[in-house]
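*Asks:* The sequence and its predicted three-dimensional model are supplied below.
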Amino acid sequence: MMKNNLPETDYELEIPAQAIQTDEMTLNMGPQHPSTHGVLRVILKTDGEIVTKATPFIGYLHRCFEKHAENVSWVQVIPYTDRMDYLASMNMNHGYAIALERMMGLQVNERAEHIRVIVAELNRIASHLVALGTYGLDIGAFTPFLYTFRERERILDLFELISGARLLYNFIWVGGVAYDAPQGWREKVLEFCDYFEPKIKEYNDILTYNKIFIERTANVGVIPADLAINYALSGPTLRASGVKYDLRRDDPYSIYDRFDFKVCIGQGQVGTVGDSWDRYIVRVDEMVESNKIIRQAAQAMPEGDALETVPKNVKVPEGEYYMRTETPRGELGYFIVSDGKKNPVRVKVRSPAFVNLSVLPAIAPGTMVADLVAIVGSLDIVLGEIDR
Amino acid sequence: MYFKNIYEAVWTILIGMGVTFRHLFTRSVTLQYPHERDVLPERSRQKLHVNIDDCIGCLQCERACPVSCISIETIKAGKDEDLGATSNGQKKRLHVTKFNIDMAKCCYCADCVFPCPTECITMTPDFEFATYDRKDLMFRFSTYTREQVKTLKLREAEERKAKESARPAAPKNPESSN
């Protein structure tokens, strides 16, 4: 085998044994590629237009979250968790806060719990809206992107009202929330629920049941249920394969056990169970369910002081804890080790998008290069969380 | 099947076009930014502002900052010096000779705002402070001039010297604990 004169690397860039081979081609996709949703680099081996091997390379957005967390105090980690999954910062805060509360044995105020659930679910909708819009953009539909961002803007306005920030909130704190809901915020949330419900039909009309969109996504990148479980997928990516697994229902945290919602799974309506279209429709259905949860939580929100249970000094007793929560992308786990001092000893994050991306080499072979864009888009990855 | 596909493609596109057509008659959701402005809510977290008259130099904000973008230097006031009080009645005992906030480093988490005992550091809704040079994002809030700081430092050094020479006689200084 002839080798090129490049330094030894893990990935194969060698010249094939036969000196002349016209078909096999190595294609570098990313890190600056509009449809990789950030800085993902995929090295493709292609046989003409067909992908034979896809190897994702990550690390272009690595910011040492876990090492940073060891050097700042318990509370100062929260702004860093914001920056992992920047499309769902509230959910990132939520997981960390719950982990610390369970370690400290802290009971959170009822009103704060309701506010937390509302903002987390609102952020889930916002994140799914971005997923929908950019997925349409990947496929070539520009208009739905504008419509989804219009609705997302209203959610961000609600966040700005309650926390003051639009993207990186630092809002859910250990033991409660940073600010109580201002006057009239609850009514605005309910107003948004009413506003948002009919919009789902709009997305379905313009994108979901569009024949061209279905042709591009149905039967593309099929993940069977056993493959999904073997690769430890989670979130909508797993549920699209027909596995009914949602941590909000199966391992309830916060006050999710009080609300009535259904776990949406892919049914293979237009193609096979677990194809890209199913992953898309699961997100659409989930937004409807999130909307239901928000409405119930906003109606049940009690009066009181949301900041009542926020401790002045966060003192975490010695020990270890693993806490998992359901973010828009799947199961987010925080493994936290404490030695009872000021800083965490270790904060390990099990990030859902990282695990979901790992299935790409398994499903990419045999698809067209253009379909790979559809597959990566349907996995809904956020590179900030993959690289941390 | 072939014709059914064509029919479906055309029909679903027409449905989508209907949605976009209806949007022609709805109100615009965008703002022509420099000419029209949105009113930002009170809690909006943009530029940090320090009311330096109220600052007592307790360094709580500096300690709370996760990215260390605040740097404060203080010099103790003399025995017979009166620096006045803050607006909520706390007595000021330190000269805040340096209070710099590097907005280029700031991560807008507002962690510095909460521990402040006199509520002098706040986040304001002012977001238009883009500059051509990164150095211009360093905001200096202290009102002390360079000469004033120099004299204060000289005086502090002298006091320390005096204290050190007096130490064998009085190991514990009652004034140092406040």
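*Replies:* Thanks, I have it.

*Asks:* Let me see the backbone angles for the residue most central in space within chain A.
*Replies:* By CA atoms, centre = their mean, the mean C-alpha position of chain A lies nearest to A:Arg329, the distance being 2.6 Å. Main-chain torsions, A:Arg329, degrees, to the nearest 10: phi -100, psi -10.

*Asks:* Now do the same contact list for it.
*Replies:* Contacts of A:Arg329 were listed using CB atoms under 8 Å, 6 or more residues apart in numbering or on different chains, and they are A:85, A:88, A:127, A:234-237, A:352-353, A:356, A:380-382, A:385. Bear in mind the C-beta positions are built from the backbone N, C-alpha and C, glycine included.

*Asks:* Just give me the closest of these to chain B.
*Replies:* Taking CB to the nearest CB as the measure, chain B lies nearest A:Asp85 of those, at 16.1 Å.

*Asks:* Am I right that that closest one is in a helix?
*Replies:* No. Judged by DSSP: H, G, I helix; E, B strand; the rest coil, A:Asp85 forms no part of a helix; its state is coil.

*Asks:* Now do it, the pLDDT please.
*Replies:* Note on A:Asp85: pLDDT of 87.

*Asks:* Burial check on residue 45, number of neighbours?
*Replies:* I went with chain A, as the question did not name one. Counted by other CB atoms under 10 Å in any protein chain shown, the residues lying close to A:Lys45 total 17.

*Asks:* right idea, wrong chain: chain B
*Replies:* Based on other CB under 10 Å, the number of other residues close to B:Arg45 is 25.

*Asks:* Could you tell me the phi and psi values at the nearest residue to B:Asp54 once chain neighbours are set aside?
*Replies:* Distance criterion CB to CB, 6 or more residues apart in numbering or on different chains; nearest residue to B:Asp54, sequence neighbours excluded, is B:Cys120 at 3.6 Å. When read as degrees, to the nearest 10, the backbone of B:Cys120 gives phi -90, psi -20.

*Asks:* so what's B:Cys120 up against?
*Replies:* Applying CB under 8 Å, 6+ apart to B:Cys120 gives the contacts B:50-55, B:86.

*Asks:* ok so, going back, please list only the buried members of the contacts of A:Arg329.
*Replies:* The neighbour count (16 or more other CB atoms under 10 Å in any protein chain shown) marks A:85, A:88, A:127, A:234-237, A:352-353, A:356, A:380-382, A:385 as buried among the contacts of A:Arg329.

*Asks:* mind checking the SS state of the residue lying closest to A:Lys53 once chain neighbours are set aside?
*Replies:* In space, and not counting its chain neighbours, A:Lys53 is closest to A:Lys45: 4.0 Å by CB to CB, 6+ apart. Three-state call for A:Lys45 (three-state DSSP): strand.

*Asks:* what do you get for A:Glu331?
*Replies:* strand.

*Asks:* Would you agree B:Phe99 is in contact with B:Tyr144?
*Replies:* No. B:Phe99 lies out of contact with B:Tyr144 (CB atoms under 8 Å); the separation is 9.5 Å.

*Asks:* hang on, the earlier thing: for the contacts of A:Arg329, give me JSON lines that also has distance to chain B and secondary structure.
*Replies:* Converted to JSON lines, the contacts of A:Arg329 look like this (distance: CB to the nearest CB, whole Å; DSSP: H, G, I helix; E, B strand; the rest coil):
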{"residue": "A:Asp85", "distance to chain B": "16", "secondary structure": "coil"}
{"residue": "A:Ala88", "distance to chain B": "17", "secondary structure": "coil"}
{"residue": "A:Ser127", "distance to chain B": "20", "secondary structure": "helix"}
{"residue": "A:Ser234", "distance to chain B": "28", "secondary structure": "coil"}
{"residue": "A:Gly235", "distance to chain B": "27", "secondary structure": "coil"}
{"residue": "A:Pro236", "distance to chain B": "24", "secondary structure": "helix"}
{"residue": "A:Thr237", "distance to chain B": "26", "secondary structure": "helix"}
{"residue": "A:Pro352", "distance to chain B": "24", "secondary structure": "helix"}
{"residue": "A:Ala353", "distance to chain B": "22", "secondary structure": "helix"}
{"residue": "A:Asn356", "distance to chain B": "27", "secondary structure": "helix"}
{"residue": "A:Asp380", "distance to chain B": "22", "secondary structure": "coil"}
{"residue": "A:Ile381", "distance to chain B": "24", "secondary structure": "coil"}
{"residue": "A:Val382", "distance to chain B": "18", "secondary structure": "coil"}
{"residue": "A:Glu385", "distance to chain B": "17", "secondary structure": "helix"}
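
*Asks:* what's the closest of the residues you listed to B:Lys76?
*Replies:* A:Asp85 (46.1 Å; CB to CB).

*Asks:* who touches the nearest residue to the closest one once chain neighbours are set aside in this structure?
*Replies:* Spatial nearest neighbour of A:Asp85, chain neighbours left out: A:Glu385 (4.1 Å); criterion: CB to CB, 6+ apart. The contact partners of A:Glu385, taken as CB under 8 Å, 6+ apart, are A:84-85, A:92, A:329, A:351-354.

*Asks:* Brilliant, that's me finished.
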